[in-house]
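Asks: My questions concern the predicted model and sequence given below.
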Amino acid sequence: MFRNQYDTDVTTWSPAGRLFQVEYAMEAVKQGSAAIGLRSKTHVVLATVNKANSELSSHQKKIFKADDHIGVAIAGLTADGRVLSKYLRSECINYGFTYESKLPVGRLVVQLADKAQVCTQRSWKRPYGVGLLVAGLDESGAHLYYNCPSGNYFEYQAFAIGSRSQAAKTYLERKFEKFMSSSREDLIKDALFAIKETLQGEELTSSICTVAVVGVEEPFQIIDQKTIHDLIESLEPKEEAPAPAADQGAAMQEDRSPEVAPMDI
Amino acid sequence: MFRNQYDTDVTTWSPAGRLFQVEYAMEAVKQGSAAIGLRSKTHVVLATVNKANSELSSHQKKIFKADDHIGVAIAGLTADGRVLSKYLRSECINYGFTYESKLPVGRLVVQLADKAQVCTQRSWKRPYGVGLLVAGLDESGAHLYYNCPSGNYFEYQAFAIGSRSQAAKTYLERKFEKFMSSSREDLIKDALFAIKETLQGEELTSSICTVAVVGVEEPFQIIDQKTIHDLIESLEPKEEAPAPAADQGAAMQEDRSPEVAPMDI
Amino acid sequence: MFRNQYDTDVTTWSPAGRLFQVEYAMEAVKQGSAAIGLRSKTHVVLATVNKANSELSSHQKKIFKADDHIGVAIAGLTADGRVLSKYLRSECINYGFTYESKLPVGRLVVQLADKAQVCTQRSWKRPYGVGLLVAGLDESGAHLYYNCPSGNYFEYQAFAIGSRSQAAKTYLERKFEKFMSSSREDLIKDALFAIKETLQGEELTSSICTVAVVGVEEPFQIIDQKTIHDLIESLEPKEEAPAPAADQGAAMQEDRSPEVAPMDI
Amino acid sequence: MFRNQYDTDVTTWSPAGRLFQVEYAMEAVKQGSAAIGLRSKTHVVLATVNKANSELSSHQKKIFKADDHIGVAIAGLTADGRVLSKYLRSECINYGFTYESKLPVGRLVVQLADKAQVCTQRSWKRPYGVGLLVAGLDESGAHLYYNCPSGNYFEYQAFAIGSRSQAAKTYLERKFEKFMSSSREDLIKDALFAIKETLQGEELTSSICTVAVVGVEEPFQIIDQKTIHDLIESLEPKEEAPAPAADQGAAMQEDRSPEVAPMDI
Amino acid sequence: MFRNQYDTDVTTWSPAGRLFQVEYAMEAVKQGSAAIGLRSKTHVVLATVNKANSELSSHQKKIFKADDHIGVAIAGLTADGRVLSKYLRSECINYGFTYESKLPVGRLVVQLADKAQVCTQRSWKRPYGVGLLVAGLDESGAHLYYNCPSGNYFEYQAFAIGSRSQAAKTYLERKFEKFMSSSREDLIKDALFAIKETLQGEELTSSICTVAVVGVEEPFQIIDQKTIHDLIESLEPKEEAPAPAADQGAAMQEDRSPEVAPMDI
Amino acid sequence: MFRNQYDTDVTTWSPAGRLFQVEYAMEAVKQGSAAIGLRSKTHVVLATVNKANSELSSHQKKIFKADDHIGVAIAGLTADGRVLSKYLRSECINYGFTYESKLPVGRLVVQLADKAQVCTQRSWKRPYGVGLLVAGLDESGAHLYYNCPSGNYFEYQAFAIGSRSQAAKTYLERKFEKFMSSSREDLIKDALFAIKETLQGEELTSSICTVAVVGVEEPFQIIDQKTIHDLIESLEPKEEAPAPAADQGAAMQEDRSPEVAPMDI
Amino acid sequence: MFRNQYDTDVTTWSPAGRLFQVEYAMEAVKQGSAAIGLRSKTHVVLATVNKANSELSSHQKKIFKADDHIGVAIAGLTADGRVLSKYLRSECINYGFTYESKLPVGRLVVQLADKAQVCTQRSWKRPYGVGLLVAGLDESGAHLYYNCPSGNYFEYQAFAIGSRSQAAKTYLERKFEKFMSSSREDLIKDALFAIKETLQGEELTSSICTVAVVGVEEPFQIIDQKTIHDLIESLEPKEEAPAPAADQGAAMQEDRSPEVAPMDI
């Protein structure tokens, strides 16, 4: 109630020292379809849910390549995410041209965060409504970052964002200790399991998810659908028991937004 | 009610992470007269309903050529659509001049989407109020895209937008599996059937629709009215039974806007 | 009531996808004194009602020449119309200077429409409050266009805009089929009949209307008052029965604005 | 009441297609002290009421020379009028310097009107609050124009603006038919009679009015007070009967503003 | 009440054609301490009340020299007055440098008025809150002008502005007829009498007023306090009877503002 | 209540001709800790109360050197004061560099006042929230000025600003007549007595005040704490009786703000 | 209640002379996780609490190196802090490049404060929402500063900011007298004790805090986790008795914000 007085302009602080417009932009990430990322010592895997709007359409692209050694998965406003991934691409090209070497992942992530911060301090813009999982490999190893609309970023061992991502996070927390030494294939399988968690009983098929990988001697690439299909098949025997009803209830409670948000978030 | 606090400025997020002004702009597409697109391996067909305001006037142009290999059909604010199609034209010319080759369709679509995204993040502009079906043929084959006011785009096998487009979408979903291998003529016929669906019993005549095609060895062109007339004649025997009343009721329920919106959308 | 929340800024969409400020600007056209246009294969005729404010003043100029082959008649805010016709004039001159040929009518109309569209998408401007009937002759023949404050344009066989234009439109719809083959004189006479319709029983005299013509081997010119006077005289025998009362009632109902609006629209 | 929602910003249209802020600026003209103009074939006379604020002050200048062949009389915000007359002066000088001939009156009037129109379409400015009677003589003869805050202009045989101008207009309408063939002296006398009408019984003296004339072989000049004094003396025998009470009552009803408005309009 | 809807922005007209923000700025002049000016054929005298805020401070400067032949006295916001007098100074220097002659007083006054007018037509500025009495001597003789926040200016024989200036105006109106032929000393004495009138019975001393003079062969200068002291002494015998109570009451009624306004006006 | 309609924007005049936002900024000066200044013929002394926020911190700097001959003491927003003193410093350096002489104190004070005035006339800035006591010595002797957020300045013999400054002003008014002939040491002692008055019974120690001096052959310097300590010791015998309770009550009544304002004013 | 009228825009003063938006930004610092700093004659130590959001993520960086001799610890909006520390870094590099010496700490702190002040005086920006503890060593010794969102800065012997910092401040106040002569190791231990105070009974481990040091012949560096671990182990024997309940209650009362604020402050 009082809250509403301070929440229509990104340059207005609330009496408690909060910027509500930035927090609302962070809500947009929660409305987008889920994206997950996880890494071993040598590889980083990104995966997204990509349900198409209808039989007639392809799904929206949610994973973008920035350079041979860096890619991103997004959740939230796809248009904002596409514009930011274009920025990443051009930063990588410029760096490569100037220094004849690869842009370190951490450095790119900071530039991206700085770009997002600017939109939280000007009255005539709005914060970006998208979260980005940045996967990259550089001389310091494999990295997974999360860039938030607030201009913050975090390094993660594994992370999940977007709609119903809580279930995926729970899965990743239970398993993450073994990720560092995982093989490339195990990492991808775990990504698929995590994605499965966000589907709430819906069947996981190769047509509703995208998986990408970057690793030592393996440039960033989206894995072809056939391979994903085979991997999903191979998961079956290992399949976990269905999440108990209580758990589902919680996940559903979290999930107040319709399946596909009006802006195709 | 609460919703109204956050829906007058495109740079204001709602507490739930939505941009209502962008969603309202998407409503403008639904108010425009219908446009449909569909493609085979070798051809893309666009069709629009073009009812003239009165006997005295020609209809408004809803299909624009961007280049020999690309054209668009619009639904929503015609003026916005015309300005954007002019942008497409100039991008094609510039690319051709610089690279002496044809601008790939997907690339043009992304540029168009980026231009739309900018208007969703500045306080002194408004989002475009028009949806565009982009039909094109390049080295990677025939393509059909839908560009949305939100700055998103989607690739489609077949799609319909605008007023009473739901009936056309239903038709296209029933038939789309055969489109890939359709002949040019069958594709055009299916376009006419789809357009017919949006007319709710009104007679389809060559004077109230425009059809365009682009294909292998066939530059983008609007098909002359005589040919359309003959094709419509030829449809008659095959004509489907009228949509059952229930179906019509649904279509009508969807259709709350007057036949011709005040801004000639 | 709800409507009022979204109707004070041209960059604000209503929840139903409408731009009320643009629609309100279109109302301004309806407040202006009537303008009509009609064309044959070889000629286009424009006519306006030009009642002077008082015996002491000349009437306001409502018909402007853009070039030898193009002229416009306006309804709505005269000042906006004059500024736009000045723009048309300078575009014609620039084109002639650059290409040493005449600017095609359709091309000029699109440029005019684009200029109007810009004013529907910026928060610090307002849409133009004037409608323009553009009459022109080029290699593709005689043309009549209507340019609307929304940034839209339409090609017409014959059209009427402004205050009490409905009666004129009814007249034109009844007669338009013969216009294409009309002689120059018949076209002008029909223009005078149409203008007469908007006067609601008031006598038509050469002092309260302006008529202009452009045609094959005839540059755009305003016809001198003597000729108009003689033509009006010659109309008498052919004069139609007075519009029936019911018809008049309808016209009057439409006409809620005072004879001369405060801004001399 | 509803009206008030649309009347604080010049870029906001009312639902009926009106720009209230422009209309309000036109009210400012009515608040200013009266100005009148009239013309014969060879001369134009301007006259204004110039009551000084107090015995101690001179009156405000209400008539300005733009060039040898053009002058203006203003009613409304004097400061706005002065700034605009400065603009006229500089336009005349620039034209003379460039073309070595005199700027045609009609052309200057259009430029002035265009300058006024700009202020009716930008959110960060306000319309000018002044009306200008432009008197000039060029190759096409003697001219009298009225430039309005709306960006409109009108050519007049004779006209009166400002506070209590209705009485003067009535006088001018009664007499105007003979003005075209009037001598210079008769024109000035009629100007004085018209000014007298606006005084509502107050005595006309040379100290409360200014009269200027431009004519064939007579550059624009303000007539010296002695001459005016003698002319007023000479008027006495011919003096008309006092306007009947009813007439005065009407004039007073019109006159709701104080004698001297707060901004020295 | 209705009034309040139109009085917060200088670019908003009221329905009656008034600019309230400009009128409010004119109120600021009335809040400032009094300033008076009067002139003979050869001299102009300016005088201000300069009560210091406390025993500890000097008074604020209210009279400024612009050039050897021009000076100003201000009433209202002192800071605004100082900035404007700085502008006057620089205009005089520039003119002298360019033309090697003295800037005519009337011309400077117009430039000052134009500068003030600009602040009455832009939404992001405010009108100046200061009135200036401009005293000057040029080839056309001695001049006294009053420049108002509205962008208007007036030439005066004698004038008084600021707090309780009405009493001084009454005095000046009673005496002004003899000013033209007054000697320099008589003019200064009349200035002191006028200042005395604004003090409402408070004793006039050399420490609470400043007097300046400009005249033939006498550059603009502030008269030293000793001379003023002696002149005040010499006034005593001639002292007028105290203003009658009724008169004082009126003056006090006018004077609703505290002695020293919060902004040291 | 009515007042509140006009007090949120610095460019909005109140109907009574006041700029409330400027007056509110002047309140900020009253919230700051006290600063005092006083001068003899040869010296100027500045003193401020500098209570540290906690034992752990040093106090905020409240006295700044602008040049060898000029220094300032501030009360109000420290950050605003620091930025302005930086401006003073750079003006002194530029002047010295250009003219190879010292910037006269009065001239610097005017430049500072002009800079403050600008912030009272633009809608996108706010007035500075700080008062500055400027102490300086130049060819015309020793000077003490007070620069106010309103863009005004005053020359003072002695002055006190900030929280509870009334008591100090009372002290200075009682003593100021002897200041002109005071020795440097007596001036400093009087500064300490004045500061003591603002402490309301709290003990004066060298750690809670800063004293600076500029004088003939003595560049501006802050006096070291040891010297202040010894001076305070030496004051004891002469100490005045405590201010009577009534007096204290008044001072406390004045003092509605907490000891340390939230912005460390 | 009245307060709310003046607290949505940083350029609006409240009637009491306060800038609420700046005060609200200062609240953001209190919401951030705690940061502490303390110094001896030769060393400065910074320490922050760095709880990761989840097991999967690394913690956010709260300590930044600006140069070999300067580093900062932040509390509040991390994105704002990162952008400001980047500014510090570039200022240090520029200074070193220009002067070939190290930028004095005090000078850098003033530049930082000036940058923050600008954001408190422009309507289209917001104040930074971060507090910075700046630790540095230069020719004048070891320094610890606190830079506040208001544009103020303070030098401290030891200080704590952020969530639950009161307990740490109490600890530092009890001990600070011995800090000046502390060894590097004792300083770090005291930093750890202070951090422990902010944890309210939660165990202090090397994984939830970061400690950095800069000192004579020791460039600014973050101490590796192993060393911190060993130091924490070594603290145990010396551990203080738990803070009494009353004390904890106070601390909790202060602490109204959740553990991790929505913007990862």
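Replies: Perfect, thanks for sending it.
Asks: Mind jotting down where the helices sit in chain A?
Replies: Ranges of helices in chain A, per DSSP state H, are A:20-31, A:78-99, A:105-118, A:165-175, A:184-198, A:225-235, A:245-254.
Asks: Worst mean pLDDT among those helices?
Replies: Note on those: helix A:245-254 shows the lowest mean pLDDT, a mean of 43.
Asks: Taking the stretch 51-200 of chain A, what residue is nearest to chain G?
Replies: Nearest residue of the stretch 51-200 of chain A to chain G, counting by CB to the nearest CB: A:G151, 3.0 Å away. (C-beta placed from N, C-alpha, C; glycine too.)
Asks: ugh, wrong one, I meant the stretch 1-150 of chain A
Replies: A:G17 (2.9 Å).
Asks: which one is that residue nearest to, not counting chain neighbours?
Replies: G:E27 (2.9 Å; CB to CB, 6 or more residues apart in numbering or on different chains).
Asks: Thought A:Y6 was touching that neighbour, still the case?
Replies: No. G:E27 lies out of contact with A:Y6 (CB atoms under 8 Å); the separation is 11.5 Å.
Asks: follow-up on the earlier one: residues touching the residue of the stretch 51-200 of chain A closest to chain G, list them.
Replies: The neighbours of A:G151, taking CB atoms under 8 Å, 6 or more residues apart in numbering or on different chains as the test, are A:113-114, A:116-120, G:77-80, G:82-83.
Asks: One more pass at 7 Å, please.
Replies: Neighbouring residues of A:G151 by CB atoms under 7 Å, 6 or more residues apart in numbering or on different chains: A:113, A:116-117, A:120, G:79.
Asks: and A:A73, how many neighbours?
Replies: Neighbourhood size, A:A73 [other CB atoms under 10 Å in any protein chain shown]: 28.
Asks: what's around A:T227, how many residues?
Replies: 12.
Asks: Quickly note the distance from it to A:I63.
Replies: Separation of A:T227 from A:I63 (CB to CB, to the nearest Å) stands at 15 Å.
Asks: Could you do A:D80 as well?
Replies: Note on A:D80: its distance to A:I63, by CB to CB, is 15 Å.
Asks: pretty sure the residue nearest to A:G17 contacts A:R18?
Replies: No. Counting by CB atoms under 7 Å, G:E27 does not reach A:R18; the two are 8.2 Å apart.
Asks: who's more crowded, the two?
Replies: Higher neighbour count among G:E27 and A:R18: A:R18, with 24 against 19, using other CB under 10 Å.
Asks: Which residues of chain A lie near chain G?
Replies: Neighbours of chain G within chain A, by CB under 7 Å from any CB of the partner chain: A:5-6, A:11-17, A:19, A:22-23, A:26, A:113-114, A:117, A:120-124, A:150-152, A:154-159, A:172-173, A:176.
Asks: List the contacts of whatever residue of the stretch 51-200 of chain A ends up closest to chain F.
Replies: Of all residues in the stretch 51-200 of chain A, A:S123 sits closest to chain F, at 10.2 Å by CB to the nearest CB. Neighbouring residues of A:S123 by CB under 7 Å, 6+ apart: A:9-11, G:124.
Asks: how near is the residue nearest to A:V216 when sequence neighbours are not counted to A:E217?
Replies: Spatial nearest neighbour of A:V216, chain neighbours left out: A:T42 (4.5 Å); criterion: CB to CB, 6+ apart. To A:E217, A:T42 is 9 Å away according to CB to CB.
Asks: Please say which of these two ends up with more neighbours.
Replies: Under the criterion of other CB under 10 Å, the comparison of A:T42 against A:E217 puts A:T42 first, with 19 against 6.
Asks: How about the contacts made by that one?
Replies: A:T42 touches A:142, A:215-216, counting by CB under 7 Å, 6+ apart.
Asks: Which single one of these is nearest to F:K51?
Replies: Distance to F:K51, by CB to CB, is smallest for A:A142 among the contacts of A:T42, at 54.5 Å.
Asks: Could you tell me what pLDDT the model assigned to the closest one?
Replies: 97.
Asks: and it, how many residues sit next to it?
Replies: Using other CB under 10 Å, A:A142 has 22 neighbouring residues.
Asks: Identify the residues contacting it.
Replies: Applying CB under 7 Å, 6+ apart, one finds that A:A142 lies in contact with A:39-44, A:215.
Asks: Just the buried residues from those, in ChimeraX please.
Replies: Of the contacts of A:A142, the buried ones go into a single ChimeraX selection, burial set by 16 or more other CB atoms under 10 Å in any protein chain shown:
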select /A:39,40,42,43,44,215
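Asks: May I see the contacts of A:A142 organised as JSON lines, with pLDDT added?
Replies: Below are those laid out as JSON lines (pLDDT from 0 to 100):
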{"residue": "A:R39", "pLDDT": "97"}
{"residue": "A:S40", "pLDDT": "97"}
{"residue": "A:K41", "pLDDT": "96"}
{"residue": "A:T42", "pLDDT": "96"}
{"residue": "A:H43", "pLDDT": "97"}
{"residue": "A:V44", "pLDDT": "98"}
{"residue": "A:G215", "pLDDT": "96"}
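Asks: Please flag which of the contacts of A:A142 sit within strands.
Replies: Judged by DSSP state E, those include A:39, A:43-44, A:215 as members of strands.
Asks: returning to that earlier point: only whichever of the residues of chain A next to chain G are buried, select them in ChimeraX.
Replies: Command for ChimeraX that selects the buried part of the residues of chain A next to chain G, burial taken from 16+ other CB under 10 Å:
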select /A:6,11,12,13,14,15,16,17,19,22,23,26,113,117,120,121,122,123,150,151,152,154,155,156,157,158,159,172,176
